[in-house]
Every structure is written in structure tokens, then in C-alpha cells.
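Visitor: sequence plus the predicted model coming up.
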Amino acid sequence: GNKLEGTIPPSYCNLATAEDAFPLASLVLINNKGLCGLVPECFNASITTPSVIAGTCLRHPLNPSGGACDKTGPECTQPEGCLFTPAITAHLDFIQFTISGFVDSQSGI
């Protein structure tokens with residue numbers, strides 16, 4: 001890899017359609033563990049096999065495990081909080097809880 005990290009900026013779509021886009025034509029995504037988030041739609045036609053984005057955390061139908069490498073944590077979207085515990089606990093050494101309502105805008109999840 002070439003040590004790319006973060007998301008692919010949507011502004012790269014404009015460069016990909018410009019006449020001087022040759023440097024982007026040689027952009028190598030493979031084995032860039034720091035790449036994450038959703039792939040801009042303008043690049044979807046270029047990603048035809050899983051090998052094109054192998055070794056990345058990019059979110060794409062050909063890379064279903066992608067998206068976990070971003071630097072921002074998930075945020076709770078529920079006004080009452082995102083950690084729910086039952087009102088009554090039957091065991092003091094075991095508490096069942098549920099976590100839900102989180103979003104992570106950088107990775108698209």
C-alpha cells in the first residue's frame with residue numbers, strides 16, 4: 001500500500017472526470033489498512049473485483065467487513081441514552097444490557 005488513510009474524499013470524483021486525471025488512474029488502494037468509510041459512487045465502476053480494495057477497510061459491497069478503521073468513535077443518537085439495563089436485576093454478579101442507537105458518520109455506519 002501507499003499509506004493512504006481515512007475516507008476517499010468525494011472531491012476526488014471531480015478529479016477523476018477531469019482531463020488531467022492521469023495521477024488518479026494510477027491510485028492504488030490495495031493494502032491501505034487506513035482507508036475506510038464509504039466509497040464515493042463515482043469510483044464504484046472502477047471497483048469490479050474484491051482484489052481492487054483488498055487489505056482496506058473501505059465499505060463496499062465487495063468488501064462487507066469494511067468500515068471499522070475510522071478515527072472517530074460512534075455517537076449516541078438516542079436522547080435517553082444508548083445503554084439500556086433492565087430495572088430489576090435478578091443476579092448481582094450478572095447484569096444484562098443492550099447497546100443501540102449508535103451511528104458513526106465517518107465510516108458510514
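Guide: Structure received.
Visitor: give me the below-cutoff pLDDT ranges for this protein.
Guide: For the chain, applying pLDDT under 70 flags the ranges 1, 15-27, 67-72, 84-90, 97, 105-109.
Visitor: strands along that one, start to end?
Guide: Listed in chain order, the strands of the chain (DSSP state E) span 5-6, 34-38, 57-59, 75-76, 83-84, 98-99, 102-103.
Visitor: which neighbours in the sheet does the longest one have, and how are they oriented?
Guide: Which is strand 34-38. strand 5-6 (parallel), strand 57-59 (parallel) (DSSP bridges).
Visitor: and for the residue nearest to residue 103 when sequence neighbours are not counted, the neighbour number?
Guide: Leaving aside its sequence neighbours, residue 103 sits nearest to residue 77 (C-beta to C-beta, 6 or more residues apart in numbering; 5.4 Å). Any C-beta I mention is one placed from the backbone N, CA and C, and that applies to glycine too. Neighbours of residue 77 under the rule other C-beta atoms under 10 Å: 10.
Visitor: any idea how far residue 92 is from residue 77?
Guide: Per C-beta to C-beta, to the nearest Å, residue 77 is found 31 Å from residue 92.
Visitor: how about residue 37?
Guide: 42 Å.
Visitor: between the two, who's got more neighbours?
Guide: The neighbour comparison of residue 37 against residue 92 (other C-beta under 10 Å) goes to residue 37, with 22 against 6.
Visitor: my guess is that one contacts residue 7. True?
Guide: Yes: between residue 37 and residue 7 there is a contact under C-beta atoms under 8 Å: 3.5 Å.
Visitor: so which of the strands of the chain gets nearest residue 44?
Guide: Checking the strands of the chain against residue 44 by C-beta to C-beta gives strand 34-38 as the closest, at 10.2 Å.
Visitor: buried residues in that closest one?
Guide: Within strand 34-38, the residues scored as buried using 16 or more other C-beta atoms under 10 Å are 35-38.
Visitor: between those, which is nearest residue 56?
Guide: So of the buried residues of strand 34-38, ranked by how close each gets to residue 56 (C-beta to C-beta), first place is residue 35, at 4.2 Å.
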